[in-house]
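1. curious how this folds, go ahead:
(one chain, ligands or ions: 2)
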Amino acid sequence: MKNLEIRHATHPDQLPGLDTEGLRGHYLVEGLFPPGEVRAVYSHHDRTVIGGVSPRTPVALPAFDPLRSEYFCERRELGIVNVGGPGIVRVDGTEYELAHRDCLYAGRGSRDIVFESSGPDGDPARFYLMSTPAHAGHPTRLARHKDTMGVRLGSAEGSNDRTLYKYIHADGIRSCQLVLGVTVLEPGSMWNTMPCHTHDRRTEAYLYFDLPPEHRIVHLMGRPDQTRNIIVANEQAVISPSWSVHFGFGTAGYAFVWAMAGENQAFDDMNHVAIPELR
Ligand SMILES: O=C(O)C(=O)C[C@H](O)C(=O)CO
Ligand SMILES: [Zn+2]
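-> Numbering: from 1, shown residues only. Ligands and ions are numbered 1, 2, ... in the order given. Okay, the predicted model is just below:
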């Protein structure tokens, strides 16, 4: 099966040698929601697969050839967040309805995963996918955005007033290594994840969404003392290796899906970076 792009792991010493296109080629994931098929990127950073699908008619999740498995979740677990109109995900025949910002977890051993839109033609579902290797099977579970208690962070004065919703984590939907949630900015707040951090034990990816099409996110990455920026459009994702900070601001309001995988699931296991340390 085509459409699984392989990206090799990168070393922070490579960053000074990368121009704009080089940076984007390694870390930005564009074109995530082609109509009618699944697009995915296999990152060798913690072997995460980042993907998307916007089904007009039912679309099955393929077992991409490079995975060398009978079906996608044979050795993997999968987090799914709907960033579009209403949709349905069928996992081994059981139907789950996902509204905008809802999340479904499908554990290792889930064989048949099929995506459908259930709203009007002009408002298809867009399912964002984040998958990581899994050593055990955990039950498939749905988390509805409206039923999830968020944690308010930041402040209006800091232009980073936001609510963080955790879906897949040690005290929520159980998984092997995936930790995933959504952060929503309050109107007038532009900065996410300030002060910023790295986490040596995990790779993270952000998918920015609910950003008006004519606006952009300025996403900052790199070692804290050697940052670089990537300009990100709505519904594009950015890969953040373990050595990289990941934060940014929007030219308009937005939300983002954050998802991590690696050595541990302790959400607070971060190396905080004080603002004056940034270069
Ligand atoms: O708003 C935030 O702050 C975040 O969403 C931070 C991410 O969850 C993160 O980077 C966790 O490591
Ligand atoms: Zn982080």
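2. tally of neighbours for the closest residue to ligand 1 within the stretch 1-150 of the chain?
-> Using Cβ to the nearest ligand atom, the closest approach of the stretch 1-150 of the chain to ligand 1 is made by Gly150 at 10.4 Å. Quick note: C-beta positions are derived from backbone N, CA and C, even for glycine. Residues near Gly150, counting by other Cβ atoms under 10 Å, number 15.
3. from Thr148, how far off is the nearest residue to it once chain neighbours are set aside?
-> Spatially, and ignoring its direct neighbours in sequence, Gly150 is nearest to Thr163 (3.8 Å; Cβ to Cβ, 6 or more residues apart in numbering). Thr163 sits 10 Å away from Thr148, going by Cβ to Cβ, to the nearest Å.
4. now Asn264
-> 22 Å.
5. which one of the two has more residues nearby?
-> Neighbours per residue, other Cβ under 10 Å: of Asn264 and Thr148, the larger number sits with Thr148, 17 against 13.
6. just the CA atoms of stretch 149-168, as CSV, please.
-> C-alpha atoms of stretch 149-168 as CSV (Å, rounded to 0.1, in the frame of the first residue of the first chain):
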residue,chain,number,x,y,z
MET,A,149,-12.8,17.8,32.4
GLY,A,150,-10.1,20.3,31.2
VAL,A,151,-7.3,22.0,33.1
ARG,A,152,-7.1,25.7,32.7
LEU,A,153,-3.5,26.9,32.1
GLY,A,154,-1.8,30.3,31.5
SER,A,155,-3.5,33.7,31.7
ALA,A,156,-5.1,36.3,29.5
GLU,A,157,-2.3,38.7,30.5
GLY,A,158,0.2,36.2,29.1
SER,A,159,-1.9,35.7,26.0
ASN,A,160,-1.8,32.0,26.7
ASP,A,161,-5.1,31.4,28.5
ARG,A,162,-6.0,27.8,27.4
THR,A,163,-7.6,24.6,28.5
LEU,A,164,-5.9,21.3,28.2
TYR,A,165,-8.0,18.1,27.8
LYS,A,166,-6.3,14.8,28.5
TYR,A,167,-7.9,11.8,26.7
ILE,A,168,-5.3,9.0,26.6
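7. show me what counts as buried in it.
-> 154, 159-168 (16 or more other Cβ atoms under 10 Å).
8. the residues you listed also near ligand 1: which ones?
-> Counting by Cβ under 6 Å from any ligand atom, 162, 164 from those sit close to ligand 1.
9. what's the most distant pair in the buried residues of stretch 149-168?
-> Farthest-apart pair in the buried residues of stretch 149-168 is Ser159 and Ile168; separation 28.4 Å (Cβ to Cβ).
10. show me where the stretch 1-150 of the chain has strands.
-> Counting by DSSP state E, counting those that start in this stretch, one finds strands in the stretch 1-150 of the chain at the ranges 4-7, 28-29, 39-43, 48-53, 59-60, 76-82, 87-91, 94-98, 103-106, 113-117, 127-133, 141-143.
11. helices or strands up against the fourth one?
-> In terms of contacts (3 or more Cβ pairs under 8 Å, 6 or more residues apart in numbering; DSSP states H and E), strand 48-53 is packed against strand 39-43, strand 127-133, strand 202-209, strand 236-240.
12. change it to 7 Å
-> Packing partners of strand 48-53 (3 or more Cβ pairs under 7 Å, 6 or more residues apart in numbering; DSSP states H and E): strand 39-43, strand 127-133, strand 202-209.
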